[in-house]
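Q: sequence-free structure coming up:
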């Protein structure tokens, strides 16, 4: 896939992630899983327990977004070439999202309450696109920045929403090894569905849990979504190569996967934010951002992150992925 096409498609995903519905007093989302949580009333630095560098990053972003017009902020971020400033911004974006992706999502959703001249999502989107283009690693670092949660999980159950076209499934999993995203939304109770594993959509208040071994993690996906962005000429067609195989849907109960997820805002009102949890399918690699672990090895036939192997044992695959993350976080300006 050409670099320009990757960048265009990442921009498409950023727009999708940044979508917030009109205020209607209740959510209009019609998917299979919907969380809701109270809106922030102040910037995240007002909360307790944040590491000092995270507090400082939010303070700097808060100042930037209040003082600079959108065009100035966008022009500045877009002008950065591969160098210390871009590396530092990439590191801090990873750090603040990793520390608490729910907090970051709520802060991004509350821009109008804080009188910002520039939307936080614009900063994240432009920065991710710039990293994708200038780090010269074919979107590998950009993918690490784009996702909110990375985890090695064991699938507990999958249930299918009977009222949606196309059908969507909610996946219930148990975290075996958290990699990115120290906080996650609390898991709704596992649905006791009718024969055929079908149910009505889940709406659940998102208490914030610590992402730890043994913790439940829920997300939704659709089998018609693409495992990879398909390129035809110079165009990217994101809805081909569906998330199915010869035995059915991509996610199988009692199986292990390494998943790359993001929190997608789907609606809001004056006091409440609504969101869901999606895999970053169709934006990177060939496995729908949900890498199967079979016979103790990660199914990664194209070595998407350039880890040096296409059939690595799962612990080796994760160790090499963590080494890439560590290289990003070890940068000192």
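A: Yes, it's here. Because the structure is predicted, anything quoted here is derived from the model rather than measured.
Q: could you pull out the helices for the chain?
A: 3-18, 52-67, 70-79, 84-99, 101-109, 120-134, 140-146, 314-329 (DSSP state H).
Q: mean pLDDT lowest for which of the ones you listed?
A: Here those differ in mean pLDDT, and the lowest is helix 3-18 at a mean of 39.
Q: possible to save the helices of the chain as TSV with distance to residue 217 and mean neighbour count?
A: Where you see a C-beta, it was placed from the backbone N, CA and C, and this is true even at glycine. Formatted as TSV, the helices of the chain follow (distance: least, CB to CB, whole Å; neighbours: other CB atoms under 10 Å):
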stretch	distance to residue 217	mean neighbour count
helix 3-18	19	17
helix 52-67	22	16
helix 70-79	32	14
helix 84-99	15	19
helix 101-109	12	22
helix 120-134	22	21
helix 140-146	18	24
helix 314-329	16	15
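Q: could those be laid out in JSON lines, adding distance to residue 277?
A: Formatted as JSON lines, the helices of the chain follow (distance: least, CB to CB, whole Å):
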{"stretch": "helix 3-18", "distance to residue 277": "12"}
{"stretch": "helix 52-67", "distance to residue 277": "22"}
{"stretch": "helix 70-79", "distance to residue 277": "27"}
{"stretch": "helix 84-99", "distance to residue 277": "14"}
{"stretch": "helix 101-109", "distance to residue 277": "10"}
{"stretch": "helix 120-134", "distance to residue 277": "17"}
{"stretch": "helix 140-146", "distance to residue 277": "14"}
{"stretch": "helix 314-329", "distance to residue 277": "20"}
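Q: out of these, the one nearest residue 260 is which?
A: Shortest distance between residue 260 and these, using CB to CB, is found for helix 140-146: 6.9 Å.
Q: what does that closest one contact?
A: 10, 13-14, 90, 93-94, 97, 124, 127-129, 131-132, 135, 150, 180, 260, 262, 280, 283-285, 304-306, 324-325, 328 (CB atoms under 8 Å, 6 or more residues apart in numbering).
Q: ok, now with 6 Å
A: Helix 140-146 is contacted by residues 93, 94, 128, 131, 132, 135, 284, 305 when judged by CB atoms under 6 Å, 6 or more residues apart in numbering.
Q: and for residue 69, the neighbour number?
A: 10 (other CB atoms under 10 Å).
Q: does it touch residue 116 like I think?
A: No. Checked against CB atoms under 6 Å, the pair residue 69 and residue 116 is beyond contact range at 10.6 Å.
Q: what's near enough to touch the residue nearest the centre of the chain?
A: Of all residues in the chain, the one closest to the mean position by CA atoms, centre = their mean is residue 262, 2.0 Å from it. Residues near residue 262 by CB under 6 Å, 6+ apart: 17, 147, 148, 278, 280.
Q: off-centre distance for stretch 114-133?
A: Its chain's C-alpha centre lies 15 Å from the corresponding centre of stretch 114-133 when counted by CA atoms, centre = their mean, to the nearest Å.
Q: kindly report the same for stretch 140-154.
A: Centroid displacement of stretch 140-154 relative to its chain, using CA atoms, centre = their mean, is 7 Å.
Q: quick one on the thing from earlier: with distance to residue 255 added, can I get the contacts of residue 262 in a markdown table?
A: Shown next, in a markdown table, are those (distance: CB to CB, whole Å):
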| residue | distance to residue 255 |
| --- | --- |
| 17 | 27 |
| 147 | 20 |
| 148 | 23 |
| 278 | 19 |
| 280 | 19 |
